[in-house]
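> how would this look folded up:
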Amino acid sequence: MGAEHRPPAPGALTARRRRPALLLAAAAGLLVAATVLAGYGLRAWSAALGVQGWWTQWLWAPLAAALVLQTALYLAERPAVATPEQQRGLDRLEVAVLVPVFDEDPGYLRSALASLLDQHRRPDSVHVVDDGSTVDYRGVRGPWLRAAAAAGVRATWERQPNRGKRRAQVAAARHCPGADVLVTVDSDAHLDPHALHELLQPLADPRVQAVAGVVLAHNNRRGPISRITDLWYVTNQLADRSALSPLGAVMVCSGSLAAYRADLLADHRDAYLAETFAGRPVTFSDDSMLTFYALRRGRVVQQPTAIVFSVMPERVGHHLRQYVRWMRGSTIRSLWRVRYLPPLHPAFLVQVLRWYQHLGASAAAVLLLSRSLRAGAPLPPALLAVPLLVVSGQTLRYLTVRRSDQSLRSQLGTWALTPLALAWSWAVLRPVHWYATATCLRTGWGTRRNGPEVAPAPRPAP
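Next up, the predicted model:
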């Protein structure tokens, strides 16, 4: 099914990426300033304490080199664009969308399903599996199936006892045995009208096994938690993930929007359903597991022009439980990458570098603070400014995404929360990360224990 050029449906959320030269120059300038200040600050600190400065330089130099390399890579990322001949091949692919549902707010689910039919390149089929929800979806199911039929999209809706997201995905995939590409979306994911067309572009390269979309917060203006999460999550994708994409080594394709070669799930279905860690069944980190299978076969990339809006936590408790689950999954998956990927695989090398960065940054902070406290000498202001300069340069990439439901003023207001987001990351999320690592044997889901945990979706205007 090829792309059809239609205007966006009324009320559709849209977004686009731009690469303004001024923002890119500002980001590079902040990085250079941070590197220079760090060098001056470490020398001043060493002189104030009367210690040799060579070891502080050796500690900082690898971290600085990794930061410079990451910046160069994410600035080099470009969206894949198929040639006319490749596009004809992409148009012939049978594309099936898998939508697992568990206790989703009906308004967000209705919006997500409607956005699939508003695609310029519609999917060939969409398969919804209700994984034992306690929410009544009768008001969504019937109208959706009729709308899909009218649009020429084959659709199924199945309900099963609660068995987890992985089994829901496998159950959905059984309805499309002839699919070439499986697209996974979350039940609250509202796709930009061009998202599916853009997501398929990298698959013109036969080496690419999986493609990640870019996720924006649907509810990004419902309080400071959702704003900070939106800022941090978008920045992470457009900095860290964008740096991995040119290497074909994206670590995680977000469940909100990702595409996989269909045989990837078919060939690993039994292992996917039966994953264990230290003898315990793993019920989360499903997206990173599918990505891990793709990394073992070939390249995994991000398509920065494939954009989806997903619901983010609005309350601190929900936010922290979600982060704990993500970091527990990240701990397990990082061990899998080092154990099962070849030592020269880019993802293996990046994983080892990440461990060094995480441990090195934490150790450097503890070392600097402890020595300064013992000597009664405060840290030089230059050193205190370094983290803020680095992070501010990265969060500038948040401003490269323009969305239809947010003014530039509101977007700048979110970007201005960068100092607060940095403080939250260091004071709260970093300790939570260590806690999640230490408790990674707790492999339960941990969120949506009592139904939806966000405010209901706004009702559409009559």
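
> Domain boundaries for the chain, per the record?
8-47+58-67+360-406, 84-342 (automatic domain parsing).

> Pick the most buried one from those domains.
Highest mean neighbour count of the domains of the chain: domain 84-342, a mean of 20 (counted as mean count of other Cβ atoms under 10 Å). C-beta here means a position set from N, CA and C on the backbone, and glycine is covered the same way.

> End to end on that domain, go ahead and measure it.
35 Å (Cα to Cα, to the nearest Å).

> swap in stretch 400-410?
For stretch 400-410, the end-to-end distance is 14 Å (Cα to Cα).

> Which residues does that stretch contact?
With contact meaning Cβ atoms under 8 Å, 6 or more residues apart in numbering, stretch 400-410 is reached by 12-20, 23, 214, 216, 220-221, 234, 238, 307, 309, 411.

> Ok, stretch 324-340 next?
Counting by Cβ under 8 Å, 6+ apart, 251-252, 277, 282, 284-285, 288-289, 292, 295-296, 347-348, 351-352, 354-355, 432-433, 435-437, 439-440, 442-443, 445-447 sit against stretch 324-340.

> phi, psi of Val81?
phi -130, psi 120 (degrees, to the nearest 10).

> Next: Gly164.
phi 100, psi 160.

> if we can go back for a sec, compare the domains of the chain and say which comes out lowest on pLDDT.
The minimum mean pLDDT among those belongs to domain 8-47+58-67+360-406 (a mean of 79).

> Which stretches in the protein count as strands?
15-17, 95-101, 125-131, 154-160, 181-184, 190-191, 208-217, 258-261, 276-277, 280-281, 299-310, 401-403 (DSSP state E).

> Looking at the ones you listed, which is nearest to Ala365?
strand 208-217 (28.7 Å; Cβ to Cβ).

> Give me the helices and strands touching that closest one, please.
helix 195-200, helix 224-236, strand 258-261, helix 286-297, strand 299-310, strand 401-403 (3 or more Cβ pairs under 8 Å, 6 or more residues apart in numbering; DSSP states H and E).

> Which residues does the longest one contact?
This points to helix 224-236. 214-217, 219-221, 312-316, 319, 394-395, 397-398, 401, 413-415, 417-418, 420-421, 424-425.

> now it and strand 208-217, what's the angle there?
Using axes from the mean of the first three to the mean of the last three Cα atoms, to 10 degrees, the interaxial angle of helix 224-236 with respect to strand 208-217 works out to 150 degrees.

> Helix 224-236 vs strand 299-310, what angle?
Going by the same axes, to 10 degrees, helix 224-236 makes 160 degrees with strand 299-310.

> In CSV, please show the C-alpha coordinates belonging to helix 224-236.
Provided in CSV are the C-alpha atoms of helix 224-236 (Å, rounded to 0.1, in the frame of the first residue of the first chain):
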residue,chain,number,x,y,z
PRO,A,224,6.4,20.0,35.8
ILE,A,225,6.9,16.3,35.8
SER,A,226,5.5,15.8,32.4
ARG,A,227,7.5,18.8,31.1
ILE,A,228,10.8,17.6,32.5
THR,A,229,10.1,14.1,31.3
ASP,A,230,9.4,15.4,27.8
LEU,A,231,12.6,17.6,27.8
TRP,A,232,14.8,14.8,29.1
TYR,A,233,13.3,12.0,26.9
VAL,A,234,13.4,14.0,23.7
THR,A,235,17.0,15.1,24.4
ASN,A,236,18.1,11.6,25.1
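
> How far away from the center of its chain is it?
11 Å (Cα atoms, centre = their mean, to the nearest Å).

> What of stretch 225-240?
9 Å.

> Could you do stretch 277-288 as well?
Worked out by Cα atoms, centre = their mean, stretch 277-288 lies 18 Å from the chain centre.

> Find the nearest non-adjacent residue to the most centrally placed residue in the chain, please.
Against the mean C-alpha coordinate of the chain, by Cα atoms, centre = their mean, the closest residue is Ser254 at 4.7 Å. Computed as Cβ to Cβ, 6 or more residues apart in numbering, the closest residue to Ser254 that is not its neighbour in sequence is Val215, at 5.1 Å.
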